[in-house]
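>>> Kindly return the folded structure for what I paste below:
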Amino acid sequence: MKICSIRVLIFISYSFISTSSALKHNDIRNHLGTRTPYRFKCNKDESKLKFPSCRDSKIWMLVRHGTRLPSAKDIVGMNSTLRDLKYEILLQHKRGKGQLTNDQLRKLEEWTSDIELDKEKFLTLEGQDEMVLLAERMQKRFPNAIKHQYNNKTFQFRYTATQRAQQSARYFTLGLFNKKDAQNVIFTPAAKVDTTLRFYKHCDKWQKKVKKNPDTYKEQRLYGNTREMNNTLQSVSERLGLNRILHLDTVTLMYKICGYETSWHKHSISPWCFAFDQKDAQTMEYYHDLKHYWMDGYGHELTYRQACMLLKNLFESFSEKGPNATFLFAHSGTLLKFLTLLQMYKPETHLTGDAIDHDRHWKASHIDCFASNLAFVLYKCKDGDKIVALHQERVIKLPMFEKELLPVKEFMEYFHESVNKCNYTDMCSLED
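Purely as a prediction, here's the structure:
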């Protein structure tokens with residue numbers, strides 16, 4: 001029997017109320033960026049994927065850690081800035097100002113923050129649950145590649161040197177195996193310098209020329225000063241009944257905590273979400289998408305070229321000597337860069353800070369929510385080996401190919417140069 005005591009503990013501690021993943025477009029929960037809950041975006045279909053005359057034989061999967069707590073900076077912001085703001089909002093509404101309902105005011109009044117700083121970015125109960133359920137669904141869909149019986153020669157589990165990635169991996173194994181097997185799982189030791197799962201952290205050239213380059217954030221800064229953003233700051237301030245216009249930093253903190261708390265609690269929305277209507281949420285979503293686009297996406301070639309390290313790992317895993325099932329637990333920055341290398345969600349032109357692009361494919365809310373994942377499944381077919389990709393458990397067609405199920409040879413030929421010229425040291429050296 002699978003980990004009953006643990007599952008019961010999770011569900012007792014965290015009452016489960018099913019939420020449809022198909023949210024209405026005007027629901028602000030559709031626009032929470034990288035803090036969007038996985039339950040709103042994933043495909044919960046557990047049925048086995050079927051392709052004529054084919055049998056799943058191997059799987060390689062990259063998983064962003066589950067829902068986590070905020071950074072230390074945001075925890076301090078919750079405990080100071082938002083706590084003080086809460087009382088100011090309640091006072092102003094008592095004076096007849098603001099647009100919050102009595103029910104919203106009651107929930108805001110009940111809001112507290114008691115997260116300890118040393119728990120920053122820790123995996124939450126919801127994050128644990130996401131991993132268990134994701135593992136169970138994947139095993140049902142690919143029973144030949146993901147066996148119920150654990151064997152350290154056929155399974156590989158690897159995570160970054162962070163609590164959230166490590167715990168995500170551990171809870172994932174609880175969804176795959178019985179309790180005894182799960183306790184005996186051997187994890188690849190986390191490396192402090194991991195050039196596969198966190199290649200960008202150790203790429204000196206990328207750190208200097210992209211992450212620490214002020215120009216990377218130029219479009220985001222530009223959008224932060226547009227009329228659209230100024231209207232949002234005014235709209236939020238008026239909705240809360242304030243006599244002043246809130247600074248962008250404060251509204252950003254509210255938006256982030258709105259996302260975090262909505263992700264943690266299946267049964268409720270954060271009181272800080274009441275500050276935003278759909279238009280405001282879309283403005284904040286685009287503001288953050290500009291940052292991720294230019295830092296983690298198509299803004300700079302080096303950003304996605306270095307993700308060839310993951311492609312290398314995929315190729316090695318699908319070789320004859322590779323394990324049947326490879327599961328890698330990493331971060332938003334890892335996943336976005338890899339999606340970009342695969343040319344997914346690419347806009348026709350670069351995203352800019354002039355005005356919001358409502359029709360863009362690059363929306364972190366959809367492509368990089370908590371627990372977001374990308375999987376490649378190898379099939380043994382009568383007419384040769386085939387491969388299929390899934391993003392957030394949905395079968396996807398890679399933009400460079402015509403079919404969802406394609407010959408492995410075709411896939412590997414297309415990416416051969418990217419893998420063959422993947423010299424991390426040369427690519428990331430500042431000495432050129």
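>>> show me the biggest strand of the protein in terms of residues.
The residue-count maximum for a strand in the chain (DSSP state E) belongs to strand 54-64.
>>> would you list every one of the helices in the stretch 1-150 of the chain?
Taking DSSP state H, counting those that start in this stretch as the test, the helices found in the stretch 1-150 of the chain are 4-13, 72-77, 83-94, 102-110, 125-141.
>>> Pick out the shakiest of these, pLDDT-wise.
Per-stretch mean pLDDT for these is lowest at helix 4-13 (a mean of 40).
>>> Among the helices of the stretch 1-150 of the chain, which comes closest to Val210?
Proximity to Val210 (C-beta to C-beta) singles out helix 72-77 among those, at 21.3 Å. In this view, the C-beta of every residue, glycine as well, is placed from N, C-alpha and C.
>>> could I get the closest one in CSV with only the CA atoms?
The C-alpha coordinates for helix 72-77 follow below in CSV (Å, rounded to 0.1, in the frame of the first residue of the first chain):
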residue,chain,number,x,y,z
ALA,A,72,14.1,36.2,2.9
LYS,A,73,13.6,39.7,1.4
ASP,A,74,9.9,39.0,0.7
ILE,A,75,9.4,37.5,4.1
VAL,A,76,10.7,40.7,5.7
GLY,A,77,8.4,42.6,3.4
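>>> quick one, longest helix in the protein?
In the chain, with assignment by DSSP state H, the single longest helix is helix 278-296.
>>> send the alpha carbons of that helix over as PDB?
Extracted C-alpha coordinates of helix 278-296, given in PDB (Å, rounded to 0.1, in the frame of the first residue of the first chain):
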ATOM      1  CA  GLN A 278      -7.800  41.400 -14.100                       C
ATOM      2  CA  LYS A 279      -6.200  44.300 -15.900                       C
ATOM      3  CA  ASP A 280      -3.900  45.200 -13.000                       C
ATOM      4  CA  ALA A 281      -2.900  41.500 -12.700                       C
ATOM      5  CA  GLN A 282      -2.100  41.400 -16.400                       C
ATOM      6  CA  THR A 283       0.100  44.500 -16.100                       C
ATOM      7  CA  MET A 284       2.100  43.000 -13.200                       C
ATOM      8  CA  GLU A 285       2.300  39.700 -15.000                       C
ATOM      9  CA  TYR A 286       3.800  41.400 -18.100                       C
ATOM     10  CA  TYR A 287       6.200  43.400 -16.000                       C
ATOM     11  CA  HIS A 288       7.700  40.200 -14.600                       C
ATOM     12  CA  ASP A 289       7.500  38.400 -18.000                       C
ATOM     13  CA  LEU A 290       9.800  41.100 -19.400                       C
ATOM     14  CA  LYS A 291      12.400  40.200 -16.700                       C
ATOM     15  CA  HIS A 292      12.300  36.500 -17.400                       C
ATOM     16  CA  TYR A 293      12.200  36.900 -21.200                       C
ATOM     17  CA  TRP A 294      15.400  39.000 -21.200                       C
ATOM     18  CA  MET A 295      17.200  37.100 -18.400                       C
ATOM     19  CA  ASP A 296      16.000  33.500 -19.000                       C
END
